[in-house]
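>>> What follows is a predicted protein model with its sequence.
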Amino acid sequence: MGWRLLHRWLGLVAGSVALLLGITGTILAWDPLRDAWQAVPAPGDLPVSVLAQRVSATVPGAEEIRRLPSGDIVVYAFDAGQPRALRVDPADGRALGAYEPSGVSRWVKNLHRSFLLGDAGRVAAATVALAMFVLSVSGLVLMLRRMGGWRRLATRVRGTPLQRVHVLTGRVTVAVLCVSAATAMYMSAATFALVSVDAERDPDVVSAAGAQADLPGDQLPLLQRLRMQDLRQLDFPAAADPEDTWKVVTTQGRGWIDRRSGQTLAWEDASMAQRVHDWSMLLHTGEGAWVWALVLALGGASIPLFWGSGLILWRQARRRTPRIADNSTASHADVLIFVASESGATWGFAEALHAALVRGGHKVHSSGLEYFQATAATRQVFVLAATYGDGEPPAHAAKALARITRLPSTAAPVTVLGFGDRQFTGFCAYAQAVDEALRARGWAQLLPLERIHQQSAQEFARWGEALAQALGEPLALAYRPRLSPTTELTLMSREDYPDHAAGEAAVILRFAWPAQRWHERLRGCGLARFAAGDLLGVLPPGSSVPRYYSLASSSRDGFVEICVRKISGGLCSGHLHELRPGERIQAFIRPNPNFALDSARRPVLLIGAGTGVAPLAGFIRGNDGRQAMHLYFGARNPALDFYFGPQIQAWLHERRLASLRTVFSRSPGGGGYVQDALHRDAAKLRELLSRGAIVRVCGSRPMAQGVAQALDDILGAIRLSVVQLKAAGRYAEDVF
């Protein structure tokens, strides 16, 4: 919990200021790129003595030579009492023109370093840098937890499009932010003398007096040994001060040279603090390393998207947390409901349960799981617990388990309902941990632990029916999910598979893809983008509860296609089966990123039965790159329910599909079930999966369980399992 709360509040409190620093830092990062493009650098092995002599001969009154990080050479001089700064060509010392830093860059740099507020602004900037360092570290910790460790940090991101955007931009920005913030803190410490970078004073040295004339720069031994690649600054001795010396500053240290004898009077090696400061300056600004400056610019440009997506996610979570009506105090309630929710979506289910129990005459109190308790008045306790990522607790409930283990049990039974996603290996793992902790402490239960997949309203309703039976009282759970804006779809065509003795009718429906305005696409409204395997939420007439159907097409195809089996008494399936071309429905897209295929050139094993072949057909249809896809399809009768049959045969001919295995359970010699086909191809499957093949399974839950068991039997010989494939992100199911 600590990391997530820290990350969240630092992002909210310091985020807007960090956004300003990110934007100004991005602008400043382009300066090294421009300077590197325009620079006329000296050869790295050119002796400093040669450049000193060339400048003396071409620039009257030269007092100082500076080598800029870009490699440019700038000479500062007094000519007729007027100060000048000139860029010079190191090849001959010829002046190339006046040197004047950009006023805009100087203003942006002051805004970046001090918010134009002087020392107070520098203190504020240093504080923000510390906050950004902690923010980036906490973000990295959260990414590692979400992705499952370092090895999986670069794998495909799961979640909603907005969550994926936040994590993907976080990958880009977290390293850059961490480096930039750490270096900014070090440089701030040097600015405020918390770290001693420069020597407290120069050594007490002077040039020896005498009638001997000054030696020219090309005859000074130290300058002859030094090379331009190491030079920072070279100060000429002042003409009006006979005791003044040459002074040279390099990456290795500083030296003072007698102007008449050429003897090195003193040399100071650069301190470790100075070297760290130099590296901090390079890493923070990119000056002198244009490739790194480009990385800084790109990282800084990602900050607005990273911060904005995080802010929207936080606001979405806030909006999803409802204000519970008729919420009694815990001490007077006979029913307690405790919720653990990362995004706030689980609160919608708690609200429905709370309202149903209140309608049944109960006094109900709902609150976060971190406040878990039971009083003398308590008769029933319910825990609705979501799992974050791959088994983590929601941030606010991280200490709830410790609280549960400290509390003594009471007579009130505690029923746990878990919410999660089966694509994660830790599906509802937190709810299971809560349930186990409660049982270990002796708490009774009214119902065993139940798990809800992807916030399914249908599964929640079935759980409500079981709860009503266990309570011995009517209980109508009126859960209404917050829906995406719907889009009107017009039916283009339909392909019917009529009712027969072996099963119910099915139909393939193809809807026109509606054109959208640019701002609708930008906001991701309606059907702006979708992929095969995403879900089409359809609102049947007279109902606000959507039914979901896996998509057999993507937005690239230019149409929306689903395969629907008619369910006896089914409100939505019956409505869809009655549609005729030209008629319309209201629908929206629900992303299903965990089921999507990534772009890796690996073999793909597609396993489906019945209408579950729809998203698999969509994968094959979109296989323009001819990735090796192998389809195992099971149905009852090839003449009646071989859905997408002609298209599949055409895709096989086009090599979009590498191989096809079909089985038909109700046809003589049809081969049984899809699990039987897998066993017959055991050797082939072991070879494919040992080469990194990924697996997608779609169909009924019993079919998916049978497939998983068959694959476990097959893969045992090579020490692989479905659990291991899921953990590696290579196995996903879409079951109904």
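Alright, I've got the coordinates. Not measured: the values here are computed from a predicted model.
>>> Closest to the centroid, which residue in the protein?
With distances taken as C-alpha atoms, centre = their mean, the chain has residue 167 as the residue nearest its mean C-alpha position (0.7 Å).
>>> shouldn't it be in contact with residue 143?
Yes. With contact defined as C-beta atoms under 8 Å, residue 167 reaches residue 143; the gap is 6.3 Å. (Each C-beta comes from the backbone N, C-alpha and C, glycine too.)
>>> Dihedrals phi and psi, the residue nearest to the centre of the chain?
Main-chain torsions, residue 167, degrees, to the nearest 10: phi -70, psi -40.
>>> Find me the pLDDT at it, would you?
Looking at residue 167, its pLDDT reads 76.
>>> next one: residue 693
94.
>>> what's the answer for residue 433, then?
For residue 433, the pLDDT comes out at 94.
>>> Residue 401 versus that one, what's the distance?
From residue 433 across to residue 401, the span is 6 Å (C-beta to C-beta, to the nearest Å).
>>> and what of residue 98?
69 Å.
>>> Of these two, which one has the most company?
residue 401 (18 against 10; other C-beta atoms under 10 Å).
>>> can you tell me which residues contact that one?
Contacts for residue 401 (C-beta atoms under 8 Å, 6 or more residues apart in numbering) come out as 393, 433, 434, 437.
>>> So for the helix or strand where it lies, mean pLDDT?
In the assignment (DSSP states H and E), residue 401 maps to helix 400-406. Averaging pLDDT along helix 400-406 yields 90.
>>> what about the very next helix or strand once past it, distance to the chain center?
Using DSSP H and E, the helix or strand that follows helix 400-406 in sequence is strand 414-420. Relative to its parent chain, strand 414-420 has a centroid offset of 28 Å by C-alpha atoms, centre = their mean, to the nearest Å.
>>> Just the CA trace of strand 414-420, in CSV.
Output of strand 414-420 as CSV, limited to C-alpha atoms (Å, rounded to 0.1, in the frame of the first residue of the first chain):
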residue,chain,number,x,y,z
VAL,A,414,-18.0,-13.9,6.8
THR,A,415,-18.6,-14.5,3.1
VAL,A,416,-15.9,-13.5,0.6
LEU,A,417,-16.5,-12.6,-3.0
GLY,A,418,-13.4,-12.1,-5.2
PHE,A,419,-13.0,-9.9,-8.3
GLY,A,420,-10.2,-10.4,-10.8
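>>> Show the end-to-end separation of stretch 619-637, please.
Across stretch 619-637, the terminal residues are separated by 24 Å (C-alpha to C-alpha, to the nearest Å).
>>> Counting neighbours, which bits of that stretch end up buried?
619-623, 627-637 (16 or more other C-beta atoms under 10 Å).
>>> now stretch 378-391
378, 380-391.
>>> Could you do stretch 698-706 as well?
For stretch 698-706, by 16+ other C-beta under 10 Å, it's 698, 699, 703, 704, 706.
>>> swap in stretch 435-445?
435, 437, 438, 443.
>>> so what's the third one closest to, chain neighbours aside?
Meaning residue 438. residue 414 (5.1 Å; C-beta to C-beta, 6 or more residues apart in numbering).
>>> how close does the one you found sit to residue 377?
15 Å.
>>> Show me which of those two is the more surrounded one.
residue 414 (25 against 17).
>>> From residue 285, how far out is the more buried one?
Going from residue 414 to residue 285 by C-beta to C-beta gives 58 Å.
>>> among the helices and strands of this structure, which one scores worst on average pLDDT?
When each helix and strand of the chain is scored by mean pLDDT, DSSP states H and E, helix 518-523 comes last, with a mean of 46.
>>> helix, strand or coil for the most far-flung residue of the chain relative to its centre?
Distance from the C-alpha centroid of the chain peaks at residue 211, with 72.4 Å (C-alpha atoms, centre = their mean). Recorded secondary structure, residue 211: coil (DSSP: H, G, I helix; E, B strand; the rest coil).
>>> so who does residue 510 touch?
So, once contact is read as C-beta under 8 Å, 6+ apart, residue 510 ends up touching 491, 492, 493, 494, 553, 559, 560, 561.
>>> Format these as JSON lines; extra columns: pLDDT.
Output for the contacts of residue 510, formatted as JSON lines (pLDDT from 0 to 100):
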{"residue": "491", "pLDDT": "96"}
{"residue": "492", "pLDDT": "96"}
{"residue": "493", "pLDDT": "96"}
{"residue": "494", "pLDDT": "96"}
{"residue": "553", "pLDDT": "95"}
{"residue": "559", "pLDDT": "95"}
{"residue": "560", "pLDDT": "96"}
{"residue": "561", "pLDDT": "97"}
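>>> Right, I'll call it a day here.
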